[in-house]
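Visitor: Have a look at this fold, sequence not included:
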């Protein structure tokens with residue numbers, strides 16, 4: 001016995017089958033998601049950011065240091081890089097600036113826990129298009145990404161308000177940076193991260209004595225007397 005399928009049944013005008021096919025052909029084209037690379041030294045934070053962005057973005061890489069970010073930009077060609085400032089090996093601001101040299105169309109969104117208006121200025125000067133605090137609502141990062149993809153700049157309102165009401169007396173970042181060599185900046189970044197001189201020496205492949213030399217030269221340049229003051233001035237001056 002032959003059972004006739006619905007598709008075999010003729011319609012009154014013979015067009016039922018064609019109508020169904022026409023509906024399939026009219027489906028709206030898929031809109032591609034922006035390609036994103038996430039750079040955060042804390043794996044847990046990076047995973048959380050990936051989960052947050054996955055619905056609207058394609059995560060092409062998640063890295064934990066500045067050099068790995070540069071490699072991801074070269075190899076994956078992301079549209080946006082979500083970057084924490086406190087990256088090891090190469091800090092987020094320097095990594096952002098170099099990434100923009102690698103790919104001028106790349107949009108940088110800085111995500112940080114440091115609530116300093118001057119840092120937002122430094123981030124924009126380094127080529128970032130957006131500045132977001134980690135304590136902001138989760139949807140604010142998505143808002144920032146949408147804004148930069150429209151070639152607009154975004155600064156979290158918590159910081160933007162402080163920028164419009166006045167600055168601070170901290171030493172300008174560019175002036176402070178000019179006083180330090182590239183190696184001194186590397187040493188200072190590791191000290192800010194809480195590394196001992198021995199640990200910093202191991203990370204940079206130099207001796208502890210050389211680290212100590214750079215440390216005391218920086219203290220002399222910046223007119224500070226203790227390690228704590230050195231780190232405080234470095235953070236206020238947005239050197240790392």
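Guide: Received the coordinates, thanks. All of these numbers come straight from a predicted model, not from anything done at the bench.

Visitor: ok, and the closest non-adjacent residue to residue 76?
Guide: Excluding the flanking residues, the one nearest residue 76 by Cβ to Cβ, 6 or more residues apart in numbering is residue 60, at 4.2 Å. (C-beta placed from N, C-alpha, C; glycine too.)

Visitor: Would you confirm that the one you found contacts residue 73?
Guide: No: with contact defined as Cβ atoms under 8 Å, residue 60 does not reach residue 73; the gap is 10.0 Å.

Visitor: in the sheet, who's paired with the residue nearest in space to the middle of the chain?
Guide: Closest residue to the average C-alpha location of the chain: residue 83 at 1.4 Å, with Cα atoms, centre = their mean. Here residue 83 sits in beta bridges with residue 39, residue 110, going by DSSP bridges.

Visitor: From residue 235, how far out is it?
Guide: Taking Cβ to Cβ, to the nearest Å as the criterion, residue 83 is separated from residue 235 by 18 Å.

Visitor: Looks like residue 78 contacts residue 35 (just checking).
Guide: Yes: if you go by Cβ under 8 Å, residue 78 and residue 35 touch, sitting 4.5 Å apart.

Visitor: so what's in contact with the two at the same time?
Guide: Here residue 78 and residue 35 have residue 60 as joint contacts, going by Cβ atoms under 8 Å, 6 or more residues apart in numbering.

Visitor: Of the two, which one has the most company?
Guide: Remark: of residue 78 and residue 35, residue 78 carries more neighbours, 25 against 16, as counted by other Cβ atoms under 10 Å.

Visitor: can you list the domains in this structure?
Guide: Annotated domains of the chain cover 35-165, 173-236 [automatic domain parsing].

Visitor: quick check, distance from the first one to the centre of its chain.
Guide: Average the C-alpha atoms of domain 35-165, do the same for its chain, and the two points are 2 Å apart (Cα atoms, centre = their mean, to the nearest Å).

Visitor: next one: stretch 193-211
Guide: Using Cα atoms, centre = their mean, the offset of stretch 193-211 from its chain centre is 26 Å.

Visitor: got any ranges where the protein has weak pLDDT?
Guide: Along the chain, the model assigns pLDDT under 70 to residues 1-31, 161-179, 221, 236-240.

Visitor: make it 80
Guide: 1-31, 115-119, 121-122, 125, 158-180, 193-194, 220-240 (pLDDT under 80).

Visitor: Just the residues contacting stretch 51-71, thanks.
Guide: 32-43, 46-47, 50, 72, 75-76, 78, 80-83, 87-92, 94-95, 98-99, 102, 138, 141-142, 145.

Visitor: end to end, how far does stretch 62-70 reach?
Guide: Distance across stretch 62-70, first residue to last, is 12 Å (Cα to Cα, to the nearest Å).

Visitor: tell me which residues in it are buried?
Guide: Using 16 or more other Cβ atoms under 10 Å as the test for burial, stretch 62-70 gives 62, 63, 64, 65, 66, 68, 69, 70.

Visitor: repeat for stretch 209-227
Guide: 210, 211, 214, 215, 218, 219, 222, 224.

Visitor: Same check on stretch 89-98?
Guide: Neighbour-count burial for stretch 89-98 flags 89, 90, 91, 92, 93, 94, 95, 96, 98 (criterion: 16+ other Cβ under 10 Å).

Visitor: How about the secondary structure of the first one?
Guide: With DSSP: H, G, I helix; E, B strand; the rest coil as the basis, residue 89 sits in coil.
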